[in-house]
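J.: Show me how the following folds:
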Amino acid sequence: MQSLVITQKRALNNGKFLACAILNQPARLNSLSLAMAHMLDAQLVQWRDDESVAAVFLSGTGRAFCAGGDLHELYNLMQQGVSHAQLLSMEYAVDDRIHHYPKPIICWGHGIVMGGGLGLMVGASHRIVTPETQLAMPEVMIGMFPDVAAGWFLNRMPYQLGMFLALTAMRINALDALALNLADYLIPSTQQDEILAALCTVDCADPATIDQLLFNFVTADTSPAATLPYCADIAQACGEGDLHKMVQATMDIPVRDAFMEMAHDNVRRASPLMLCVTHRHLLRCRNARFNKVLQWDTALTRRALNHGEFREGIRALLIDKDRLPQWRYPSIDKVPQSAMNYFFSS
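T.: Purely as a prediction, here's the structure:
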């Protein structure tokens with residue numbers, strides 16, 4: 001039985017090594033389980049302290065880099081009454097490890113990169129997407145809020161697009177990722193082996209050398225950024241401070257293609273409670289440091305896991321698969337202040 005995280009060391013020309021960590025749960029789109037997160041974190045610590053390792057290459061098997069946390073595992077833990085906060089705490093620890101890693105981390109963000117997968121990728125020093133990459137923070141659709149320090153990186157997007165993506169759970173493509181500073185290089189998915197071979201011929205301890213090498217592989221993509229036609233509309237709609245006005249303005253954005261049509265549909269189907277929680281959380285994270293956002297995520301996640309909305313969202317999506325979650329409140333207007341106090345009181 002193969003490991004959940006495959007590890008390899010490739011020899012460089014200078015006698016050092018490029019260490020490779022490959023997420024290996026393709027049947028679940030490399031969703032991050034507790035065991036996988038533990039293995040990845042332990043390996044990153046070992047390579048950090050190994051002077052022979054110059055850099056790390058992080059990727060996934062199959063058609064996804066990582067689709068987020070393992071929701072099946074989370075649901076089973078919640079059903080059994082077992083402590084489920086440990087999984088997400090471990091996931092946040094890996095995100096923090098990558099964000100502050102002292103050596104270059106090259107992340108191959110191919111295919112599906114969502115939720116916790118995006119949390120892993122954004123902290124890497126060199127972030128690669130391919131024409132097949134699809135990125136999203138879909139949490140409001142399953143009764144959760146965008147965590148993994150999303151309050152930090154979503155707030156750094158232009159045109160209020162971070163708030164828009166959080167509230168609509170929309171998927172974006174590789175060109176969107178480049179424009180929104182979620183990725184650094186767009187490279188054909190067929191060239192991974194060539195890049196690994198090329199990296200073995202240079203000094204991988206030098207971020208600038210890696211940068212120059214990767215730019216030699218960059219390609220143009222004819223697919224337009226999905227968000228590009230809507231930047232002005234989104235900036236105006238999500239510039240509203242009040243959530244009710246923001247949602248109404250978003251629903252009033254003219255539909256020019258399937259992207260905005262789906263965004264409107266997602267807002268209608270999302271958890272009203274989590275729309276409120278997400279909006280308030282992102283507002284308070286606007287000027288916060290990365291570690292402060294993770295600290296808030298940890299506290300907020302524990303309350304979300306105990307509340308029941310998240311469990312219902314997973315049930316509807318993955319367990320019964322009826323895609324008809326019975327949310328606690330029918331609309332954002334019906335979410336009481338007591339519910340918000342539960343999530344945000346100290």
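J.: following the host helix or strand of residue 120, which helix or strand shows up next?
T.: Per DSSP states H and E, residue 120 falls inside helix 116-122. Per DSSP H and E, the first helix or strand lying C-terminal to helix 116-122 is strand 126-129.
J.: That following strand pairs with which strands, parallel or anti?
T.: strand 105-109 (parallel), strand 185-186 (parallel) (DSSP bridges).
J.: Just name the most buried of those.
T.: strand 105-109 (a mean of 27; mean count of other CB atoms under 10 Å). Any C-beta I mention is one placed from the backbone N, CA and C, and that applies to glycine too.
J.: Just the mean pLDDT for that strand, thanks.
T.: Mean per-residue pLDDT for strand 105-109: 98.
J.: From the contact counts, what lies against the helix or strand following it?
T.: Once the chain leaves strand 105-109, the next helix or strand it forms, by DSSP H and E, is strand 112-114. For strand 112-114, the contact count by 3 or more CB pairs under 8 Å, 6 or more residues apart in numbering; DSSP states H and E identifies strand 64-66, strand 134-136 as packing neighbours.
J.: between those, which gets nearest to residue 112?
T.: Closest of the helices and strands packed on strand 112-114 to residue 112 is strand 64-66, at 3.8 Å (criterion: CB to CB).
J.: what helices or strands is the closest one leaning on?
T.: For strand 64-66, the packing partners by 3+ CB pairs under 8 Å, 6+ apart are strand 105-109, strand 112-114, helix 116-122.
J.: Let me have these in a markdown table, adding distance to residue 226 as columns.
T.: Shown next, in a markdown table, are those (distance: least, CB to CB, whole Å):
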| stretch | distance to residue 226 |
| --- | --- |
| strand 105-109 | 17 |
| strand 112-114 | 15 |
| helix 116-122 | 16 |
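J.: which stretch among the ones you listed comes nearest residue 265?
T.: Each of the helices and strands packed on strand 64-66 has some distance to residue 265 by CB to CB; the shortest is strand 112-114, at 17.9 Å.
J.: what packs against the helix holding residue 120?
T.: When contacts are defined as 3+ CB pairs under 8 Å, 6+ apart, helix 116-122 sits against strand 64-66, helix 85-99, strand 105-109, helix 150-153.
J.: who wins for proximity to residue 37 among the helices and strands packed on strand 64-66?
T.: helix 116-122 (8.8 Å).
J.: Let's see the closest one as CSV, backbone CA atoms only.
T.: Only the C-alpha atoms of helix 116-122 are listed here, as CSV (Å, rounded to 0.1, in the frame of the first residue of the first chain):
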residue,chain,number,x,y,z
GLY,A,116,-7.1,23.6,2.2
GLY,A,117,-5.3,23.0,-1.1
LEU,A,118,-5.2,26.7,-1.7
GLY,A,119,-4.0,27.1,1.9
LEU,A,120,-1.0,24.9,1.1
MET,A,121,-0.2,26.6,-2.2
VAL,A,122,-0.4,30.3,-1.3
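J.: what's next to it, contact-wise?
T.: 30-32, 58, 64-69, 91-92, 94-95, 98-99, 107, 109, 113, 127, 135-137, 147-150, 153, 182-183 (CB atoms under 8 Å, 6 or more residues apart in numbering).
J.: Now do it, average pLDDT.
T.: On average, helix 116-122 scores 97.
J.: try stretch 212-229
T.: Per-residue scores along stretch 212-229 average to 89.
J.: Centre of the chain to it, how far?
T.: Distance, stretch centre to chain centre, for stretch 212-229: 20 Å (CA atoms, centre = their mean, to the nearest Å).
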